[in-house]
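model the structure of this input:
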Amino acid sequence: MDIGIIGAGASGIFTAINAKDEKNKIILIEKNEKIGKKLFITGKGRCNITNAKFFDEFLDNIIVNKKFMYSSFTNFDNYALMDFFENQGLKLTVQRGDRVFPKSEKSSDVIKLFEKLLVDKKIDLKLNENVQKVKKESNKFIVKTNKNVYEFDKVVIATGGLSYPLTGSNGDGYKFAKDLSHNIISQKPGLCPIKISGNDLDSLNGISLKNVSLNVECEKKNYREFGEMLIGKKFITGPIVLTMSSLINREKVKNIYIDLKAGLDFEKLDNRLIRDFENNSNKDIGNILKKLLLNAFVDVVLKRAEIDYHTKANQITKEERYRLIDEIKHFNLNFAGLSPIKNAVITSGGVDCKELNPKSMESKKVSGLYFVGEVTDVDCLTGGYNLQIAFSQAFACAKDLRRVYE
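Below you'll find the predicted structure:
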């Protein structure tokens with residue numbers, strides 16, 4: 001059996017090495033000069049392979065098509081993946097948030113392992129070869145590249161999405177799928193910075209925040225994420241922002257704000273301010289707030305609350321105090337959209353999962369055609385979940401490819 005796999009990223013490589021045996025011939029076609037270009041930069045070059053959370057908690061981090069992933073994840077979950085790498089001699093380490101990395105913290109070690117396995121299994125790797133068209137004639141797939149024309153019994157499309165175009169992700173897979181009569185869910189950026197506007201935010205550029213909540217009010221639903229974030233020039237980013245971007249990328253955003261004191265409700269914060277004002281009655285309100293807020297926020301919050309920095313604490317009215325609390329608990333940002341998809345960690349959207357068999361990743365519309373990885377409409381939160389999904393889908397696909405002739 002002749003199998004063609006288009007794309008030598010995580011899902012394409014993993015499909016190849018798990019599908020290959022003495023009964024088939026596999027050609028892995030990659031447009032780049034080397035394999036695993038996006039894999040190389042994941043986890044800031046450390047390669048966040050997967051996440052060690054247990055079954056239900058892991059699945060809760062799949063935010064699009066979670067039910068579709070039950071089958072492939074059950075058959076090859078995160079612990080099976082960790083066993084795979086450990087058995088191949090790649091030692092792993094579990095870090096904060098249950099993120100799993102190579103012990104060396106080098107993505108290059110993962111790629112070296114994959115390169116070795118491709119050679120050991122005698123998989124025919126074609127580099128610097130760009131697939132231009134995929135079509136099916138009778139029972140064969142004809143794959144045309146810039147260098148050759150191939151004929152395959154089975155074809156796996158593992159071309160990735162649209163994020164990080166410098167790694168070769170340019171949406172080729174969507175075109176191939178569409179040409180073969182598949183529905184494509186529109187692509188949106190996932191796990192990306194959020195653009196903001198506002199003249200009074202310039203002084204906050206580069207400020208890191210901890211223990212805050214980011215709140216987004218949308219037309220149909222409200223979202224809240226607690227943790228760490230960073231304010232940049234005209235954008236916000238960081239863990240809770242990346243998560244939020246994936247939650248709201250198909251929503252109509254009405255309002256977005258930061259709760260700078262998420263651990264205190266209105267009443268507790270009010271009591272805190274009353275106590276601070278009573279203990280420092282003759283001090284400037286601006287100086288008192290420096291014990292409550294990061295210095296960079298004091299001027300901005302006071303201006304928004306229309307309170308002069310040098311107003312003495314004993315002159316602050318109840319109405320002014322309430323305005324101050326409201327600005328601290330609802331530090332409004334002007335939502336200006338999500339960062340472009342090229343800057344996103346992942347692509348949300350892709351080949352419609354309703355048209356794929358969840359047990360095998362085979363198309364329900366075209367027999368012998370498979371889709372794996374980011375080209376499919378499955379996306380997760382940050383923390384190693386998206387790579388695991390790619391590996392689980394690839395394993396399911398590989399298992400089905402072997403089953404066909406067993």
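
touching stretch 21-36 from outside, list them.
1-10, 12-13, 16, 19-20, 107, 110-111, 114-115, 118, 123-131, 143, 145, 150, 152, 167-168, 401-402, 405 (CB atoms under 8 Å, 6 or more residues apart in numbering). (C-beta placed from N, C-alpha, C; glycine too.)

how far does the helix-or-strand element of the chain with minimal mean pLDDT sit from the chain's center?
Least confident helix or strand, the chain: helix 37-41 with a mean of 89, by mean pLDDT, DSSP states H and E. Its chain's C-alpha centre and that of helix 37-41 lie 14 Å apart, by CA atoms, centre = their mean, to the nearest Å.

cool, stretch 98-116 as well?
With CA atoms, centre = their mean, you get 19 Å for stretch 98-116.

ok, now stretch 335-351?
Worked out by CA atoms, centre = their mean, stretch 335-351 lies 9 Å from the chain centre.

show me how far the strand ranked longest in the chain is from its chain's centre.
Counting by DSSP state E, the longest strand found in the chain is strand 207-218. Relative to its chain's centre, strand 207-218 lies at 18 Å (CA atoms, centre = their mean).

and the helix or strand just after that strand, what other elements does it pack with?
Toward the C-terminus, strand 207-218 is succeeded by strand 222-231 as the next helix or strand (DSSP states H and E). Applying 3 or more CB pairs under 8 Å, 6 or more residues apart in numbering; DSSP states H and E, one finds that strand 222-231 contacts strand 207-218, strand 235-237, helix 239-248.

buried stuff in strand 222-231?
Within strand 222-231, the residues scored as buried using 16 or more other CB atoms under 10 Å are 223, 225, 227, 229, 230, 231.

so who does the residue nearest to the fifth one when sequence neighbours are not counted touch?
Counting by CB to CB, 6 or more residues apart in numbering, residue 238 is the residue found nearest to residue 230 once chain neighbours are left out, at 4.4 Å. Counting by CB under 8 Å, 6+ apart, residue 238 touches 208, 209, 227, 228, 229, 230.

specify the beta-bridge partners of residue 362.
Beta-bridge pairing for residue 362 (DSSP bridges): residue 370.

what pLDDT does the model give it?
Residue 362 is assigned 98 on the pLDDT scale.

so how many other residues sit close to it?
22 (other CB atoms under 10 Å).

repeat that for residue 34.
Neighbours of residue 34 (other CB under 10 Å): 13.

residues in contact with residue 81?
Going by CB under 8 Å, 6+ apart, residue 81 touches 49, 50, 388, 391, 392.

helices of the protein, start to end?
10-19, 37-41, 55-59, 70-75, 78-87, 107-120, 172-179, 239-248, 266-279, 285-289, 295-304, 318-329, 385-403 (DSSP state H).

worst mean pLDDT among those?
helix 37-41 (a mean of 89).

restrict that one to CA atoms and write it as CSV.
Taking Å, rounded to 0.1, in the frame of the first residue of the first chain, the C-alpha atoms of helix 37-41 are listed here in CSV:
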residue,chain,number,x,y,z
LYS,A,37,9.7,23.9,11.9
LYS,A,38,6.7,24.9,14.2
LEU,A,39,7.6,22.2,16.6
PHE,A,40,11.0,23.8,17.0
ILE,A,41,9.5,27.0,18.4
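
contact partners of it?
In contact with helix 37-41 (CB under 8 Å, 6+ apart) are residues 9-10, 47, 107-108, 110-111, 160, 164, 166-169, 387.

tell me which of the helices of the chain sits most buried.
Highest mean neighbour count of these: helix 10-19, a mean of 28 (counted as mean count of other CB atoms under 10 Å).

got the angle between that helix and helix 78-87?
Angle of helix 10-19 versus helix 78-87, following axes from the mean of the first three to the mean of the last three CA atoms, to 10 degrees, is 70 degrees.

circling back: how about the contacts of residue 238 in TSV, adding pLDDT?
Compiled in TSV, these are given as follows (pLDDT from 0 to 100):
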residue	pLDDT
208	96
209	97
227	96
228	96
229	97
230	97
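
who's in contact with the closest residue to residue 246 other than its chain neighbours?
Nearest residue to residue 246, sequence neighbours excluded (CB to CB, 6+ apart): residue 190, at 4.4 Å. Listed by CB under 8 Å, 6+ apart, the contact set of residue 190 reads 163, 245, 246, 249, 344, 345, 346, 347, 348, 379.

could you check how far residue 190 is from residue 252?
Going from residue 190 to residue 252 by CB to CB, to the nearest Å gives 17 Å.

and what of residue 210?
In terms of CB to CB, residue 210 sits 30 Å off from residue 252.

over to residue 26?
45 Å.

so for those two, which residue has more residues nearby?
Taking other CB under 10 Å, residue 26 and residue 252 do not tie; residue 26 has more neighbours (26 against 8).

lovely, talk soon.
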